[in-house]
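> Sequence and predicted structure are below.
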Amino acid sequence: MLLPSTILTAVSRCLGICALLAALCLPVVVAAQTGGPGGILDPLPPMPQPPENPLTDQKALLGKFLFWEEQLSHDNSTSCGTCHIPEAGGSDPRVQQPRSIHPGYDGIFGNDDDVVGSIGVVLQACGGDTIDDGVFFPERQVTGRRSPSFIAAGYHPTLFWDGRAGPEFVDPETGQVLIPVGGALEAQAVAPILSMVEMGCDTLGWDSVRQKLIAITPLALATDLPDDIIDGLIQFPDYPALFDNAFGDPEISAARIAFAIASYERTLVPDRTPFDLFNEGINDALTENQQLGLLLFADNCLPCHETPALGDGSFRNIGVRPAFEDEGLGAVTGDPEHAGQFKSPSLRNVGLRAPFFHNGGKADLDEVLAFYNGGGDFEPADPLIVEMNLPNSELAQIKDFLEQGLTDPRVEFALPPFDHPTMQPFFVRGDSNADGAVDISDAIASLQFLFTGGVILCEDASDSNDDGTIDIADPVALLARLFVGAAPLPAPSDISFGPDPTPDSLACLY
Ligand code: HEC
Ligand code: HEC
Ligand SMILES: [Ca+2]
Ligand SMILES: [Ca+2]
Ligand SMILES: [Ca+2]
Ligand SMILES: [Ca+2]
């Protein structure tokens, strides 16, 4: 078999720059022979679509509305997109927020098994009463795993870190199998909406979701609507009209919600990374350093990341944490062989997505590479995870390749088709100085804002009494809460982080 030109270029550059790396290049050439005609790997194909849900522009448009629809959560706070943002590599950017921590297996905050999860909803009865969950109450709950990317997820036959969604899609309302194979995106999409951690309340059913969608104005809470959404709203001002456009009649069902969201996700193909351009023969799309990183990646990482998506969706225990803490696939299949196995995800746009792994346990790519270099942190069951013992200079090259070479600029900068509305900012009422706590210093910041020209990032947070204006009554209300034991401030109160439920003209620049 003839070697593709690009890999020859890469190899010769490698040899040219550093003859010492020749030994390293050899196995890469072998790997390259298994690749496609364009270069090292086959180009990213169109996203697979099941025949039962063929992709149409109309369904994808509805899916885009639904994916970014905050009103799809029972408390109007959270859309799919709240936890899955393109600019964050398809994951949740709220990781600096201390409230994003889940206490992990031991239930105790502040130690090694803690997880960087995603902030969801307060555990709540659908009638409105909050429920003390003994962990997060009265705050919002946090998912027990890191939010993975929704972009390129459709290349995996099964979804979630533990593979519990797909390939079959069963209609949650009728129990009928609607898609026997290839329906992982559909199967996944119906889960968060009713989940009482992510978007739902304890007894939420599809009838309530349907009634709500019929009644609301689409994307009424979102701002900066992209052009296709604005055009869509002009033609189809409500959800029945959008469903009619997508499916031929206005009926709203769980299956149709799933079909539409999955269709939208299938339009998001992140195939304009520097790596893709290099693979197409544009040799300077990757810097020489990144090309060397690619060779090292091909040599060390391809067994599990060798698909055009750069993640083969196979399940492995690579030793991120002891398997008993989170059994991953093992808990889904009940097979002890699968204990601690998690899905090898697509690495496209991984540079935008820190922290890493199913527990968000590695803060950056340096930590991920140190992890692989040492052969895992805990006994990896997978024989392919072995000490690599690469020098730091080579780890830096792999990092450069991963971080720069795999980032699609349209994802990073939210350009079409990755453009999207802006979700409501979350804040804590009373927290004028935005340090996460509500105390006397907030009253001072609020007074400085009023009288000495101090700056406030989130005016809504300073509007302690939520009357839509900031004046002396706000620090007074805050001081009453702090020192006279007055009732909690209006939602999102000083004890619960969230969006402003009452519209006003105040700005919140988080
Ligand atoms: C509160 C945050 C949150 C919300 C809201 C949310 N997700 Fe997720 N999403 C997650 C987390 C966390 C996971 C991983 C869960 C696991 O693996 O157990 C996940 C997993 C996924 C995956 C699987 C990716 C893969 O490679 O396995 C997809 C796709 C996805 N979500 C899409 C959606 C859609 C569509 C919605 C809305 C209907 C949604 N998410 C709502 C946090 C969220
Ligand atoms: C034995 C298979 C295997 C090999 C070899 C392997 N990986 Fe992985 N990779 C995985 C699995 C499985 C996960 C998810 C593990 C988890 O979260 O528990 C993963 C996750 C990752 C992630 C985190 C992605 C995210 O979104 O959180 C990065 C980055 C990564 N791998 C890079 C690499 C690099 C670089 C190499 C080579 C040095 C490599 N991998 C080698 C299987 C592998
Ligand atoms: Ca813990
Ligand atoms: Ca504060
Ligand atoms: Ca006020
Ligand atoms: Ca308000």
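That came through, no problem. Ligands and ions are numbered 1, 2, ... in the order given.
> For P336, the count of nearby residues, please.
Neighbours of P336 under the rule other CB atoms under 10 Å: 9. Just so you know, the C-beta spots here come from the backbone N, C-alpha and C atoms, and that holds for glycine as well.
> same check, this time on the one 5 residues further on
Residue crowding around Q341 was assessed by other CB under 10 Å; the count is 26.
> so what's it bridging to?
Assessed by DSSP bridges, Q341 has beta-bridge partners G328.
> mind checking the SS state of N289?
Recorded secondary structure, N289: helix (DSSP: H, G, I helix; E, B strand; the rest coil).
> residues contacting it?
N289 is in contact with A396, Q397, D400, counting by CB atoms under 8 Å, 6 or more residues apart in numbering.
> Could you rerun that using 6 Å?
N289 makes contacts with Q397, D400, as judged by CB atoms under 6 Å, 6 or more residues apart in numbering.
> Per-residue pLDDT of it, please?
At N289, the pLDDT value in this model is 97.
> quick one: the residue of the chain found nearest ligand 3 and ligand 4, what's the gap?
Nearest residue of the chain to ligand 3, counting by CB to the ion: G104, 3.9 Å away. Distance, G104 to ligand 4, by CB to the ion, to the nearest Å: 27 Å.
> Give me the phi and psi angles of the residue of the stretch 1-150 of the chain at minimum distance from ligand 4.
The stretch 1-150 of the chain approaches ligand 4 most closely through P98 (12.5 Å), counting by CB to the ion. P98 adopts backbone torsions of phi -60, psi -20, taken as degrees, to the nearest 10.
> Around it, how many other residues sit close by?
The tally of other residues near P98 (other CB under 10 Å) stands at 10.
> Could you check the pLDDT of it?
On the pLDDT scale, P98 gets 89.
> Check P43 too.
For P43, pLDDT reads 89.
> can you tell me the residue of the stretch 151-300 of the chain closest to ligand 6?
For the stretch 151-300 of the chain, CB to the ion, closest residue to ligand 6: L221, 12.4 Å.
> I'd guess that residue is in a strand, am I close?
No. Remark: L221 does not belong to a strand; assigned using three-state DSSP, it is coil.
> Now do the helix or strand encompassing Q448: distance to the chain's middle.
According to DSSP states H and E, Q448 maps onto helix 440-451. Put simply, helix 440-451 sits 36 Å off its chain's centre (CA atoms, centre = their mean, to the nearest Å).
> Check which helices and strands that helix sits against.
helix 473-483 (3 or more CB pairs under 6 Å, 6 or more residues apart in numbering; DSSP states H and E).
> Does ligand 5 have contacts with the helix it packs on?
Yes. Interface with ligand 5: helix 473-483 contributes D474 (CB under 5 Å from the ion).
> and the stretch 401-510 of the chain, which residues reach ligand 6?
Counting by CB under 5 Å from the ion, the stretch 401-510 of the chain sits next to ligand 6 at D466, D500, T502, D504.
> That should have said the chain, apologies.
Close to ligand 6, as judged by CB under 5 Å from the ion, the chain has residues D466, D500, T502, D504.
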